[in-house]
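[1] how would this look folded up:
(chains A, B and C)
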Amino acid sequence: MGASDRLERSFFNRPTLLVARELLGKHLVRMLDGQRLSGIITETEAYIGEEDLACHCKAGRTPRTQVMYGQPGLAYVYFTYGKHWLLNFVTEAENSPAAVLIRAIIPTAGLEHIAARRGHQPPARWTDGPGKLCQALEIDGALNAYDLCQPEAVLSIENGAPIPDSSVTTGPRVGLNSVPEPWKSKPWRFLARLPDNS
DNA sequence: AGCACGATTAACT
DNA sequence: GTTAATCGTGCTC
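    Just a heads-up that it's a prediction; the model follows:
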């Protein structure tokens, strides 16, 4: 795949639930020291606006949330639990704060580089969590507010085989233990079951 | 300045 | 299934 397959900003400038759904099956591409690392996105979650009490934007504009008020197609990368980086993509129009969390990918390229960081676990556990995939692809705070739609981007999304609705399941977002209803139970998590999965 | 807590992970019972 | 680890963020005093 070449640069022509890279998603344009218009892809992200749409309702967040639609973006979260359509990101399933797309390729997350990370250029690292001239090497191409990539994986197929299989799990996402939507975080939508200041009213969504699970979204960091419930606090309004702060140094951390500022990027979510920016233009669609930026990366929102934040640190949590004193240990883990989590990767999101900003969605919707500027000043409409929302993002999609990338929760899991299936590695497709650069496996030896991924293994260098995640090889202490079996391959099936290399990128099956939002913190794990950031570790695998060396994604951290240096990429916060990074524009995925710029030329020669070191982090971007490319088109992939579409995932049919019959292979998509939804459910409540993960890890919202103390978030009040109805936000806690909103079915804003999207999972893809790929053909070669069982 | 101090505090409670988190969009998690890995190890342990 | 349960829990420690670990520190930036946002809120209160």
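[2] pretty sure residue A:58 is in a strand, no?
    No - read with DSSP: H, G, I helix; E, B strand; the rest coil, residue A:58 is helix and lies in no strand.
[3] residues touching the residue nearest to it when sequence neighbours are not counted, list them.
    Excluding its sequence neighbours, the residue lying closest to residue A:58 (Cβ to Cβ, 6 or more residues apart in numbering) is residue A:50, at 5.8 Å. For every residue, glycine as well, the C-beta is placed using N, CA and C. Under the criterion of Cβ atoms under 8 Å, 6 or more residues apart in numbering, the neighbours of residue A:50 are A:57-58, A:60, A:97.
[4] so which two of these are the farthest from each other?
    Spatial extent of the contacts of residue A:50 (Cβ to Cβ) is set by the pair A:58 and A:97 at 9.8 Å.
[5] these two: who's more crowded?
    A side-by-side neighbour count of residue A:58 and residue A:97, using other Cβ atoms under 10 Å, places residue A:97 first with 27 against 16.
[6] for residue A:33, the count of nearby residues, please.
    8.
[7] what do you get for the one 3 residues further on?
    When neighbours are defined as other Cβ under 10 Å, residue A:36 has 13 of them.
[8] let's see the pLDDT reported for the nearest residue to residue A:59 once chain neighbours are set aside.
    In this structure, residue A:59 finds its nearest non-sequential neighbour in residue A:65, 6.2 Å apart by Cβ to Cβ, 6+ apart. pLDDT recorded at residue A:65 is 98.
[9] what about residue A:65, how many neighbours?
    With neighbours defined by other Cβ under 10 Å, the count for residue A:65 comes to 19.
[10] now swap in residue A:77 and tell me
    20.
[11] contacting residues around it?
    A:85-88, A:134, A:139-141, A:143-144, A:146.
[12] so where's chain A uncertain?
    Along chain A, segments meeting pLDDT under 70 span A:1-4, A:195-198.
[13] which residues does the closest residue to DNA strand B within it contact?
    DNA strand B sits closest to residue A:175 of chain A, with a gap of 1.9 Å, by Cβ to the nearest atom of the strand. By Cβ under 8 Å, 6+ apart, no residues touch residue A:175.
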